[in-house]
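Q: The following block contains a protein sequence and its predicted model.
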Protein chains: 2
Amino acid sequence: MSSATASHLVAVVMAGGSGTRFWPVSRKARPKQLLPLIDGATLLGATMERIAPLCPPERSLVVTAERLAEATRAAVPQLPAANVLAEPTPRNTAPCLALAAIAALQLDPDAVVCLLPADHHVADGAAFRAALQTAADAVQHGGIATLGVVPTHPETGYGYIEVGDERGDGTSSVVRFVEKPDLARAASFLAGGRHLWNAGIFVGRADTLLAAVDAELPALGETLAPLRDGRAGAFASASFVSALAQAFPSCPSISIDHGIMEHRDDLVVVPLSAGWSDVGSWRNVRDLGVDADGNYVDGDTFTLDCQDSVVVSDGPFVAAIGLRGIGVVARGDAVLVLPLDRSQDVRAVVSALAERGRDDLL
Amino acid sequence: MSSATASHLVAVVMAGGSGTRFWPVSRKARPKQLLPLIDGATLLGATMERIAPLCPPERSLVVTAERLAEATRAAVPQLPAANVLAEPTPRNTAPCLALAAIAALQLDPDAVVCLLPADHHVADGAAFRAALQTAADAVQHGGIATLGVVPTHPETGYGYIEVGDERGDGTSSVVRFVEKPDLARAASFLAGGRHLWNAGIFVGRADTLLAAVDAELPALGETLAPLRDGRAGAFASASFVSALAQAFPSCPSISIDHGIMEHRDDLVVVPLSAGWSDVGSWRNVRDLGVDADGNYVDGDTFTLDCQDSVVVSDGPFVAAIGLRGIGVVARGDAVLVLPLDRSQDVRAVVSALAERGRDDLL
């Protein structure tokens, strides 16, 4: 890549998720991105480590929820505290992109923003960075790039991106975004070779991104205007935080995909083959770190004749015998047991706890 | 029954078991019979309640291990403390029978002993007592009676008793004891109607039982002789306890069945249909108390779409989703998860813990 592009990169990590799907490990005050789910590091910390060779901490931003700001700063001590931006209220991802672009422009008027979810796992960091570099190079004079993960199985839990012609710079045009398919359709996508998983990773110049916001979501652009003209001061200043607190709740709550990217004709995609996972459920955790029997085991445990199972504890000793495809997750105050192919039903537990007023467990 | 027999009854409850199969609920210091496994009462307490209408506490004895004596007395506060006899060392059940008979003779020279395991569950207490009465009446002038449970399914986990001719007093002769059969054989037993489950419950005059000990296990009779002739004093006295401590370790370690009953030709059997279970494993627990979905659920739990499963906790909140035939047992310091048809493998956990020196969990 051109060194010019490299020196203008600003990583923006979106770390506001609530992580209901990892209860009982994830809690309101300790969502997925702050959990050491894989190999002992938090997903957020691993994300920062992954991007660090491309983008040093002082040029990296993390956007999170206000109530998580302190825990987030503690999780990435290498980052200047000011570089953790707190959203006063949840407004989905499009306002996050706009806020990030505004802050990145303050760091560098030629900033090229890499917008990364905080809670993904990537086995091959070098391949991931290479794809980001390709994307950054492609958009240094305009346009927006996204990374599309080359599918390894007919996944029904992800959205897809239909890929058009190659453009000769490592990117291809984007034909359309496709919602989560059923299994038959996912299988045809896999066989056809023209669909990639939408990983929610976007790269573009900060000014390009803000122009896209203004074009596709003018209400959002206008709402955040007081933060853009410099009058509110630097993004870490009290005046900026105050202006943000006033403006942000009025932002439309909409995702980057639906609000912006699905409407763009300047979007290109870079294929990514780097052992990517969104770590969306306990089932994914098993797939990421398996022993010879296909299990993911961690903590004070004893397993006998288990297969394709997750057995983890940071609290009580857990003994598991004869399990097949079962997840057992133990904390000092709560234990979850379920077949891993029903991992999405964890939400039912969280809902039930909320209904029962069991805030102690949420 | 004759009131003469009733007034001479002495209940002897054998409560020395270690209960490895109920880990993590059962521990060395809290074995199965001291657990509130069913309906909130300990199995020992439920056994005492069951026999009480036939035999008041002052005519009931409990034989347990020395290290469990205190906890046992606490579990049956209605019993005089002296009536809990402590075996100085484990010597299987035949020495327990001999010791019990010796103590019963001190209570009543015409004592008719009902020897009962402490850790069984009986749904119909009245039917159980009626069977005991029939047995006691049949042996008031000699002979020994056992209760044989009418099989309800082809159980491979119990020994069987082959039944001979009816004797006209509610008892039948015993043809032979049969070791635990395989499934085909168990099915033929069930179909044939001539086999009962050996429940390990025996009734006989104390002097008859001691005579049987002398005849079948003369070494046992001789070893305990110092306790029989009165010179050691009453069974609760310091001199008796001291003599017991000296003699008991020299007793042969053998079961009542193998050491005595299998060799007797004066044994009769009373059929028992009273919803009996030996509560041998978590699987049995499920069978004893099931909800509409076939589950046994107890404690701070949430279950969704579970069937034929056990979900119990006295510690952490347990959420179970989509389980089929799975047992989840949670304590504050340990959690067990396994298919209920592998309940016997709990022993592997206990062995592994012992190997690892995890006395904190044993």
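A: Everything's here; your move.
Q: For the stretch 101-250 of chain A, just list every one of the strands.
A: All strands of the stretch 101-250 of chain A, identified by DSSP state E, counting those that start in this stretch, fall at A:112-117, A:121-122, A:144-149, A:160-166, A:172-178, A:195-205.
Q: Please apply the same query to the stretch 251-362 of chain A.
A: A:267-272, A:276-277, A:296-298, A:301-304, A:310-313, A:317-321, A:326-330, A:334-339.
Q: Redo those strands as CSV? Include mean pLDDT.
A: Shown next, in CSV, are the strands of the stretch 251-362 of chain A (pLDDT from 0 to 100):
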stretch, mean pLDDT
strand A:267-272, 98
strand A:276-277, 92
strand A:296-298, 92
strand A:301-304, 95
strand A:310-313, 95
strand A:317-321, 97
strand A:326-330, 96
strand A:334-339, 97
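Q: Turn these into TSV, including mean neighbour count and distance to B:Gly143.
A: All C-beta atoms are positioned from the backbone trio N, CA, C, and that covers glycine. Shown next, in TSV, are the strands of the stretch 251-362 of chain A (neighbours: other Cβ atoms under 10 Å in any protein chain shown; distance: least, Cβ to Cβ, whole Å):
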stretch	mean neighbour count	distance to B:Gly143
strand A:267-272	23	84
strand A:276-277	20	73
strand A:296-298	21	58
strand A:301-304	19	47
strand A:310-313	24	55
strand A:317-321	24	45
strand A:326-330	28	53
strand A:334-339	26	52
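Q: Would you format those strands as JSON lines with distance to chain B included?
A: Supplementary listing: the strands of the stretch 251-362 of chain A in JSON lines, determined by distance: least, Cβ to the nearest Cβ, whole Å:
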{"stretch": "strand A:267-272", "distance to chain B": "33"}
{"stretch": "strand A:276-277", "distance to chain B": "22"}
{"stretch": "strand A:296-298", "distance to chain B": "13"}
{"stretch": "strand A:301-304", "distance to chain B": "5"}
{"stretch": "strand A:310-313", "distance to chain B": "7"}
{"stretch": "strand A:317-321", "distance to chain B": "4"}
{"stretch": "strand A:326-330", "distance to chain B": "5"}
{"stretch": "strand A:334-339", "distance to chain B": "4"}
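Q: what's next to stretch A:204-211, contact-wise?
A: A:10, A:97-98, A:101-102, A:104-105, A:108-113, A:139-140, A:142-145, A:202, A:212, A:221, A:228 (Cβ atoms under 8 Å, 6 or more residues apart in numbering or on different chains).
Q: Run the chain-centre distance for stretch A:261-270.
A: Centre-to-centre, stretch A:261-270 and its host chain are 19 Å apart (Cα atoms, centre = their mean, to the nearest Å).
Q: Same check on stretch A:219-230?
A: The answer for stretch A:219-230 is 25 Å, by Cα atoms, centre = their mean.
Q: Buried residues in that stretch, which are they?
A: Buried residues in stretch A:219-230, defined by neighbour count with 16 or more other Cβ atoms under 10 Å in any protein chain shown: A:220-221, A:223-224, A:227-228.
Q: what about that stretch, how long is it end to end?
A: End-to-end distance of stretch A:219-230 (Cα to Cα, to the nearest Å): 19 Å.
Q: what's the average pLDDT for that stretch?
A: Across stretch A:219-230, the average pLDDT comes to 94.
Q: Likewise for stretch A:173-186?
A: Mean per-residue pLDDT for stretch A:173-186: 95.
Q: Name the residues of it that are buried.
A: A:174, A:177-178, A:181, A:185-186.
Q: What parts of chain A come near chain B?
A: Residues of chain A lying close to chain B (Cβ under 8 Å from any Cβ of the partner chain) are A:23-24, A:302, A:304, A:311, A:313, A:315-323, A:326, A:328, A:330-339, A:342, A:345-346, A:348-349, A:352-353, A:358, A:361.
Q: if we can go back for a sec, out of the buried residues of stretch A:173-186, which one sits closest to chain B?
A: A:Ala186 (22.8 Å; Cβ to the nearest Cβ).
Q: so what's the closest residue to that closest one other than its chain neighbours up against?
A: Nearest non-adjacent residue to A:Ala186, counting by Cβ to Cβ, 6 or more residues apart in numbering or on different chains: A:Pro154, 3.7 Å away. By Cβ under 8 Å, 6+ apart, the contact list for A:Pro154 reads A:183, A:186-187, A:189-190.
Q: Between these, which sits nearest chain B?
A: For those, the closest approach to chain B (Cβ to the nearest Cβ) belongs to A:Leu183, at 19.4 Å.
Q: who's in contact with that closest one?
A: By Cβ under 8 Å, 6+ apart, A:Leu183 lies in contact with A:154, A:156.
Q: now the residue nearest to A:Met261 when sequence neighbours are not counted: how far from A:Ala138?
A: What sits nearest to A:Met261 in space, not counting adjacent residues and going by Cβ to Cβ, 6+ apart, is A:Leu267, at 5.9 Å. Going from A:Leu267 to A:Ala138 by Cβ to Cβ, to the nearest Å gives 11 Å.
Q: Overlap in contacts, those two.
A: Here A:Leu267 and A:Ala138 have A:Ala145 as joint contacts, going by Cβ under 8 Å, 6+ apart.
Q: In the stretch 51-200 of chain A, what residue comes closest to chain B?
A: Residue of the stretch 51-200 of chain A nearest chain B, by Cβ to the nearest Cβ: A:Gly157 (17.5 Å).
Q: just to revisit the earlier point, of the contacts of A:Pro154, which belong to helices?
A: A:183, A:186-187, A:189-190 (DSSP state H).
Q: Leaving out sequence neighbours, find the closest residue to A:Asp345.
A: B:Ile321 (4.9 Å).
Q: likewise A:Arg228?
A: Excluding its sequence neighbours, the residue lying closest to A:Arg228 (Cβ to Cβ, 6+ apart) is A:Ile102, at 5.4 Å.
Q: That neighbour against A:Thr223, yeah?
A: No. Using Cβ atoms under 8 Å as the test, A:Ile102 is too far from A:Thr223 to be in contact (11.6 Å).
Q: quick one on the thing from earlier: for the residue nearest to A:Asp345, give the beta-bridge partners.
A: Beta bridges link B:Ile321 to B:Leu304 when assigned by DSSP bridges.
Q: count of neighbours near the nearest residue to A:Ile201 once chain neighbours are set aside?
A: Distances taken as Cβ to Cβ, 6+ apart place A:Leu147 nearest to A:Ile201, at 4.3 Å, with adjacent residues excluded. Counted with other Cβ atoms under 10 Å in any protein chain shown, the neighbours of A:Leu147 add up to 26.
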